[in-house]
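S.K.: Fold the stuff below for me.
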Amino acid sequence: MFGILLKKQMTEIFRGYFYDAKKNKKRSKVSTILFILMYIVIMAGLLGGIFSYLALQLCGTFVTLHMSWLYFLIMSSIAIALGAFGSVFNTFSGLYLSKDNDLLLSMPIPVRSILVARLMGVYLMGLMYSAVVILPTTIVYWIKAEITPLAILGSLLLIFLISMIVLILSCILGWCVAKLSLKLKNKSFVTVLLSLAFIALYYFVYFKAQSLIQDLLLNAVAYGEKVKGKAYPLYLFGRIGEGDILGMILYTLAILALGVLIFWILHRSFIHIATATGSVGKVAYRERRGKRKSEFGALVAKEFGRFTSSPNYMLNCGLGTIFLIVVGTIFLLKGNKMIEFVNQIWSGEGMNGVVVVMGAVAVCLTISMNDMVVPSVSLEGKSLWIAQSLPIQPWNVLRAKLAVQLLLTGIPVIFCDICLGIVLQERVSWMLPALILPFVFTAFMAVFGLFLGIKMPNLTWTNELAPIKQSLSVLISMFGGWALIAGIAILYFVGGRKIGCEWYLTLVILIFAILTVILYQWLKKKGTMIFAQL
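M.R.: Numbers count the residues shown, from 1 in each chain. Okay, here's the model as predicted:
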């Protein structure tokens, strides 16, 4: 029974490798094997390679200074953080709020078997993520240092202890996430904000990593003495990798005892947690006069509701809205330095307007990140018949989809353009086309995206990520937009600078305006007919 439950648990986690949500059918064996191999390459090759390189940078210095314990402490901290983050959401959905809790609990299966199988799934996921860090750490240490049998035993034990710490943290953090998710009303926005915070933290660490490593290596002795003096338990934990018997015994007993305690608590409260539905506050009825909306206004509200109800939709198709504000802020804070840098690289005859062109190109590249209109038709899915059967004009349905992208992109473009204009302070004849181009490009990307969405719809999906992330239309829209803007920049250097930046940008605006009108007319006539017959 345990083996069947564990197999079910792992199959749910890696469901995407065996089942094609886009085509709504099982993947072929070849496709499954290729997906698994790709996952191994990413985890073992890419992530493992990154942390192997980090271990090689740190290990030699710490071994020379006889501070291998600090090396193990640093890498173990990274392993625990990565393992806990990688498995906490699996714990949240797989252990506490799994969709099949009611079904399993109604069967003649011991609660302990269900709990152990799910905990084992969480443990294996945490072990996989933490091993990507701690396994290269151990191997590099064995190569760089003069090891003893006790050191080998200690470093192997450290791998096990880290996996247990990750399991314990995942259970605690997963419980917190599950509790919050039951009480929060706007879960989608909370998910988006947390994801954006993680992205910001990732890039901050990424850009600061090299300076942090250099500072750590230069001041290793000072940092080591502080840890040893003020945080002796951390020092003892790092000593496990070196084979310290006291650290091995104390931490093994403490972590195993904490693990047993967590299991005991979960076993006693599992049924209550698994069947929890969240607290529902009492709401007093108050009569309110409803506001009548126009047909188009109601459709726009419906499209905005669909967009804001899905974190996947917002994160994958609407990041350009956030990044346009970020880019505008960067223009204000770092604009002068960026202009100096560009002028140093591209100085000479005919290069006076390069800063203006590059500023407009930067804004348009960011605009290309918004493609919420592309999957909007596909996201209707099996409910498409509702929009088709209502006494409304098909063109109003398509216009509402266009309106969402135009509003969510056009408003931050205004802010970005104002910031760009403040920084450039060039002649009006130069700046005016550079500020108009982003608006024309926004309109072009909207009608082009809807054109792709109508021509290549996917209405048979079972997971919304299929039309949002895995569709060819989304791929063409995003990378096609980037390619167009890159082409505009290249053509300016090839020959556009000869006619001047203002005339070159005006010509680009004219071309995009003509293409926008052509696609708009196609959508209004042919597009509505195709949409009505889908």
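S.K.: For the stretch 401-534 of the chain, give me the ranges with low pLDDT.
M.R.: Low-confidence segments of the stretch 401-534 of the chain (pLDDT under 70): 426-429.
S.K.: how does it look with 80?
M.R.: Within the stretch 401-534 of the chain, the set of residues satisfying pLDDT under 80 comprises 424-430, 460-466, 469-471, 495-498, 500, 534.
S.K.: before we move on, what about the stretch 151-300 of the chain?
M.R.: For the stretch 151-300 of the chain (pLDDT under 80), the answer is 173-221, 223-224, 228-229, 267-293.
S.K.: can you give me the strands in it?
M.R.: Ranges of strands within the stretch 151-300 of the chain: none, based on DSSP state E, counting those that start in this stretch.
S.K.: Next: the chain.
M.R.: Here the chain has its strands, by DSSP state E, at 19-20, 25-26.
S.K.: CSV for those, including distance to I33, mean neighbour count and mean pLDDT?
M.R.: Backbone N, C-alpha and C define where each C-beta goes, glycine included. Formatted as CSV, those follow (distance: least, CB to CB, whole Å; neighbours: other CB atoms under 10 Å; pLDDT from 0 to 100):
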stretch, distance to I33, mean neighbour count, mean pLDDT
strand 19-20, 14, 18, 70
strand 25-26, 14, 11, 73
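S.K.: Dump the ones you listed into TSV; add distance to I40 as well.
M.R.: Conversion of these to TSV gives the following (distance: least, CB to CB, whole Å):
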stretch	distance to I40
strand 19-20	19
strand 25-26	21
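S.K.: between those strands, which one is nearest to N396?
M.R.: strand 19-20 (34.0 Å; CB to CB).
S.K.: thinking again about what came up before, minimum distance to G481: which of the strands of the chain has it?
M.R.: G481 lies closest to strand 19-20 among the strands of the chain, at 27.1 Å (CB to CB).
S.K.: Next, count neighbours for the closest residue to V397 other than its chain neighbours.
M.R.: In this structure, V397 finds its nearest non-sequential neighbour in A387, 5.3 Å apart by CB to CB, 6 or more residues apart in numbering. Counted with other CB atoms under 10 Å, the neighbours of A387 add up to 19.
S.K.: Can you tell me how far A387 is from K25?
M.R.: 26 Å (CB to CB, to the nearest Å).
S.K.: try I476
M.R.: Distance from I476 to K25, by CB to CB: 24 Å.
S.K.: Helices along the stretch 351-500 of the chain, start to end?
M.R.: Ranges of helices in the stretch 351-500 of the chain, per DSSP state H, counting those that start in this stretch, are 354-367, 384-389, 394-424, 428-455, 465-469, 472-494.
S.K.: on that earlier part again, L519 is nearest to which of the strands of the chain?
M.R.: If you check each of these against L519 by CB to CB, strand 19-20 wins as the nearest, at 31.1 Å.
S.K.: for the stretch 1-150 of the chain, what are the low-confidence residue spans?
M.R.: For the stretch 1-150 of the chain, applying pLDDT under 80 flags the ranges 1-29, 31-32, 35, 39, 42-44, 85-116, 118.
S.K.: tell me the contacts of the nearest residue to V413 once chain neighbours are set aside?
M.R.: Using CB to CB, 6+ apart and skipping the chain neighbours, the partner closest in space to V413 is P438 (5.0 Å). Applying CB atoms under 8 Å, 6 or more residues apart in numbering to P438 gives the contacts 360, 363-364, 367, 413, 416-417.
S.K.: Next, work out how far apart P438 and V374 are.
M.R.: In this view, P438 and V374 are 19 Å apart by CB to CB.
S.K.: With L261 instead?
M.R.: For L261, the distance to V374 - CB to CB - is 50 Å.
S.K.: Comparing the two, which residue is more hemmed in?
M.R.: For L261 versus V374, neighbours defined as other CB under 10 Å are more numerous around V374 (31 against 11).
S.K.: related to what we said a few turns ago, now the contacts of P438: which count as buried?
M.R.: Using 16 or more other CB atoms under 10 Å as the burial test, the contacts of P438 include 360, 363-364, 367, 413, 416-417 as buried.
S.K.: As TSV, the residues you listed with distance to V300 would be great.
M.R.: Converted to TSV, those look like this (distance: CB to CB, whole Å):
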residue	distance to V300
A360	29
V363	25
C364	25
I367	20
V413	19
C416	23
D417	24
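S.K.: picking up where we left off before, closest to C171 out of the strands of the chain?
M.R.: The closest of the strands of the chain to C171 is strand 19-20. By CB to CB, the value is 27.9 Å.
S.K.: Which one, of the helices of the stretch 351-500 of the chain, ends up nearest to M107?
M.R.: Closest to M107 of these, according to CB to CB: helix 465-469, at 30.1 Å.
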